[in-house]
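Enquirer: Have a look; sequence and predicted model below, questions after that.
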2 protein chains.
Amino acid sequence: MASIRDVAALAKVSTATASRALSGRGPVSPATRERVLRASAELGFVPSANAAGLASGRSRNIGVIVPGVDRWFFAKVVRGISEELLDQGYDLSLYTTGGSHDHQEKVLQDYLLRQRLDAVVPVALELTTRERERLVAIGRPIVGVGGAMPGTLTVGIDQEAAGALATGHLTGLGHRHIAHLTAGKDPHRDFGLTGTRQGGFERAMAQAGLVVRPEWVITSDFTLNDAYARAKALLAAPERPTAVFAASDEMAVGTILAARDLGLRVPDDLSVVGIDGHELGDVVGLTTVAQFPERQGARAAARLLQQLAHDGAPDEPQHETVATDFVVRSSTAVPPSPGSRSRRSAASPSPG
Amino acid sequence: MASIRDVAALAKVSTATASRALSGRGPVSPATRERVLRASAELGFVPSANAAGLASGRSRNIGVIVPGVDRWFFAKVVRGISEELLDQGYDLSLYTTGGSHDHQEKVLQDYLLRQRLDAVVPVALELTTRERERLVAIGRPIVGVGGAMPGTLTVGIDQEAAGALATGHLTGLGHRHIAHLTAGKDPHRDFGLTGTRQGGFERAMAQAGLVVRPEWVITSDFTLNDAYARAKALLAAPERPTAVFAASDEMAVGTILAARDLGLRVPDDLSVVGIDGHELGDVVGLTTVAQFPERQGARAAARLLQQLAHDGAPDEPQHETVATDFVVRSSTAVPPSPGSRSRRSAASPSPG
DNA sequence: GCCGCGAATGGAAACGCTTCCACAACAACC
DNA sequence: GGTTGTTGTGGAAGCGTTTCCATTCGCGGC
């Protein structure tokens, strides 16, 4: 494997000059640079990341910490980050915590300290204060994606506004009986609870002069399957809402499927609105607040690279909001008139 | 940041001994090891990955190349790999090609050569011969996941058997008019076309004495949405199959949703079977061949670590088959009797 | 009682880069 | 024409490990 010494020799310069020519740092005459580049190409030279990292303290490698990669939002975010990074010649080290605090501990304690990372992107991480301190302690730029994190720059949508937007759409249509499928929260989580989707729901309900029925605020786990089961219970009850605001599209689709299996028509008997912009929503005609997670990931990565280019000068810590898009499809409509709120005779047998 | 020299000094040994004690390579007396470990803990010493990698040529970092991480199968595989690796203290570098050959080129050409990787896991990659050679040329262990790759160890299910199993289930139920939703193939792909799901379909059809209607072998792109659209066209045609074998669960679910939107009952009017074991299948009662991609990823990672432990002695190149599980749910049944094969009056209006 | 051997240890040379520092050459300025 | 800068270049000192080699020591076998 060719080393920079070989390149230098072939170009008849010192390794110092070769390094400068290849990295673009420091003055090199055009003629020399050209010679070095040619020599490098001829030898098929690829610099050793380890050596470069050791010598310079920069490794062109950034760490991404995610609860998991097999959830829609996380996967999309990782995709956005990955594309942005690969474009810029950066590597991406992936750490999944599996949502477990043990794993998270381990990752933060050992892995991130090996000085192989120029920066870190925690995605939708729920950190304890200690964990957050540890993260900051590695002394590298950090840009979070998802919820806000005090003291660091984060990129994400305005969760509260999204919740209010979705709910307001329903109240605007005239719905007065609205249920909310929310996602469970980790009690250890650290970042401010202000600005949640549920908060937006509550605000929009209040603004419409509606009262939130506690038994209609249902905690699910962000999965379609769980939401399906909970929605089925909710909708099978003697008294049921005319609309459901689900905190994610997967939960919304689960709700729609549950409704269908109960013989309810969407949107005639039940309106459903979600948040995400999941591809699945298209097939079932889901009205939703699209949030473009790829874009969020890419934005976070871009911010990070920008900081690294400016020699680590950190951006002002804040939550950078990216725009959402309200997509009205066919899962929402005016509520049924009270007389017609009967259950249709079940036509499709439920599976299982 | 504490270096190994500090540890050595505190433990009153040389850096050589400290290194041996910490890494477990080479003889160290129990007493000395104990002292070094204590000193290391006291200083909170974390070895520099770059330095260790540079000096030893091993980096405890393995590369995973995936078309993307926002597809069910890939995400699950990455999850399996990630968990296995983190357990063993290995880092994981993620490279996404986005399915584009340009990106793939770039990844294989530049990124993998930086000598930061101990091994590589290409996932479901369709490589040209040149690309494969390049991959092999980096001289590191390789274990693929997904399709077979000549010359390297791969882990995956028996695609052909899975296809035949699913199809055989349908023919066994008495279906004679069976369509197949398959996934597009990249013409540049290199690995043998033997052993595809479609091949299994064809074999099972032949074994049942059935003829494959070319217009009923429909190429889709593995997404639910595309399959939905194609299934709708297929099922709306004057003459339609009584059963569909979709090469993935997402496509199968798309088919089911399309059927429902057309007023067809599943399984009464149409049987649908898929491959994957996608969570979504549970909600719609999909009969499927579950393939446990996490397990495949974990297995591949384990094989790799095993090779690395045995000092790189590569396993015999072959395709290691992992077991599948045939899950019968409620999307398949005997075909409707000819007389009853009428279309039910559409009850649910299709969205949009 | 000596030799040889293996275990434990230390010194120092890598590993392959980056970058500090020194120096030469040359331009520009008063 | 000296002084001051600027630009291009090379020498060499790291960066923080691992590992080769040499050395010492204790011990069993003859």
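Expert: Ah, there it is.
Enquirer: Which parts of chain A are strands?
Expert: Secondary structure of chain A (DSSP state E): strands located at A:61-66, A:91-96, A:119-122, A:143-145, A:153-156, A:178-183, A:217-220, A:243-246, A:271-276, A:287-290, A:319-321, A:325-327.
Enquirer: mind checking which of those is nearest residue B:289?
Expert: With CB to CB as the criterion, residue B:289 lies closest to strand A:91-96 of those, at 26.5 Å. Backbone N, C-alpha and C define where each C-beta goes, glycine included.
Enquirer: what about that closest one and DNA strand C, touching?
Expert: No: applying CB under 7 Å from any atom of the strand, one finds strand A:91-96 out of contact with DNA strand C, separated by at least 14.7 Å.
Enquirer: Surely residue A:236 touches residue A:262?
Expert: Yes: with contact defined as CB atoms under 8 Å, residue A:236 counts as touching residue A:262 (6.2 Å).
Enquirer: more crowded one of those two?
Expert: More crowded of residue A:236 and residue A:262, by other CB atoms under 10 Å in any protein chain shown: residue A:262, with 19 against 12.
Enquirer: Not including adjacent chain positions, what is the nearest residue to that one?
Expert: Nearest residue to residue A:262 in three dimensions, chain neighbours excluded: residue A:235, at 5.5 Å (CB to CB, 6 or more residues apart in numbering or on different chains).
Enquirer: Please apply the same query to residue A:167.
Expert: residue A:204 is the one closest to residue A:167 (CB to CB, 6+ apart), at 3.6 Å.
Enquirer: what sits against that neighbour?
Expert: A:163, A:164, A:165, A:167, A:168, A:171 (CB atoms under 8 Å, 6 or more residues apart in numbering or on different chains).
Enquirer: What is the neighbour count of the second one?
Expert: Other residues within reach of residue A:164, judged by other CB under 10 Å, total 23.
Enquirer: Show me where chain A has its helices.
Expert: A:4-11, A:15-23, A:30-43, A:49-56, A:72-87, A:101-109, A:129-137, A:159-173, A:197-207, A:224-236, A:249-261, A:279-284, A:293-309 (DSSP state H).
Enquirer: Could you show which parts of the stretch 101-250 of chain A are in contact with DNA strand D?
Expert: With CB under 7 Å from any atom of the strand as the criterion, the stretch 101-250 of chain A does not meet DNA strand D at any residue.
Enquirer: Residue of the stretch 101-250 of chain A closest to DNA strand C, please.
Expert: Closest contact between the stretch 101-250 of chain A and DNA strand C, by CB to the nearest atom of the strand, is at residue A:118 (12.3 Å).
Enquirer: What is the burial count for that residue?
Expert: Residue A:118: 22 neighbours (other CB under 10 Å).
Enquirer: my guess is it contacts residue A:59, does it?
Expert: Yes: counting by CB under 8 Å, residue A:118 touches residue A:59, with 5.6 Å between them.
Enquirer: Just the pLDDT at the residue nearest to residue A:262, thanks.
Expert: You'll see residue A:235 listed with a pLDDT of 98.
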